[in-house]
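In: For reference, the sequence and a predicted model appear below.
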Amino acid sequence: MSALRKPLSVAQVYGIGVALSLVIGAIVATVFIAIAAETPRPLDVQVPRPQPEATSDPAAVAIYERHVKATAAGPAPQFQHSISEMTVGESPATRTEIYSARPDKLFVRNTVGTKVLFEFGYDGTTGW
């Protein structure tokens, strides 16, 4: 006798999608909390740029200086927003939204379809 597996029901697929969503959301939130826990650098710190090698060609120096001016990154971003969406089979899409602000604010919302599964956050002093 061979044991044949029955196909998964819609409810089982939906449950698997919810479970995966919770695990992924928890992992992402843990990473963001770990990043937020690091000592934040001041927002006005500029990343040091490499200096050109000594050259006697003024045209090369001018090109390099134009490049540095054109690609200079401003201050570090103060706010980030990330959206991750996953669909398993015919179940509704599972969506994880992560909002973070420097230096230590975080908000995570996980939804399936239009239903909010969970929300949690940290405002710098209190987590909920």
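Out: Thanks, I have the structure now.
In: what's across from the residue nearest to the spatial centre of the chain in the sheet?
Out: Nearest to the geometric centre of the chain sits Ser82, at 4.9 Å (Cα atoms, centre = their mean). Beta bridges link Ser82 to Ile98 when assigned by DSSP bridges.
In: Now do the helix or strand hosting Arg109: which elements does it pack against?
Out: In this assignment (DSSP states H and E), Arg109 forms part of strand 105-112. Applying 3 or more Cβ pairs under 8 Å, 6 or more residues apart in numbering; DSSP states H and E, one finds that strand 105-112 makes contact with helix 10-37, strand 94-101, strand 115-122. For the C-beta atoms, the positions are set from N, CA and C on the backbone; glycine is no exception.
In: And for stretch 78-89, what's in contact with it?
Out: Stretch 78-89 is contacted from outside by 8, 10, 13, 16-17, 20-21, 24, 28, 43, 93-102, using Cβ atoms under 8 Å, 6 or more residues apart in numbering.
In: hmm, try it at 7 Å
Out: The contact list for stretch 78-89, computed with Cβ atoms under 7 Å, 6 or more residues apart in numbering, reads 13, 16-17, 20-21, 43, 93-102.
In: Quick check: the two most widely separated of the residues you listed?
Out: Within the contacts of stretch 78-89, Val13 and Leu43 form the most distant pair, 45.0 Å apart (Cβ to Cβ).
In: Looking at these two, which one has more neighbours?
Out: Of the pair Val13 and Leu43, Val13 is the one with more neighbours under other Cβ atoms under 10 Å, namely 15 against 12.
In: What pLDDT does the model give the closest residue to the more buried one other than its chain neighbours?
Out: Sequence neighbours aside, Gly89 is the residue nearest to Val13 in space, at 4.4 Å (criterion: Cβ to Cβ, 6 or more residues apart in numbering). Gly89 carries a pLDDT value of 78.
In: What separation is there between Gly89 and Leu117?
Out: 18 Å (Cβ to Cβ, to the nearest Å).
In: what's the answer for Thr87, then?
Out: Applying Cβ to Cβ, the value for Thr87 to Leu117 is 15 Å.
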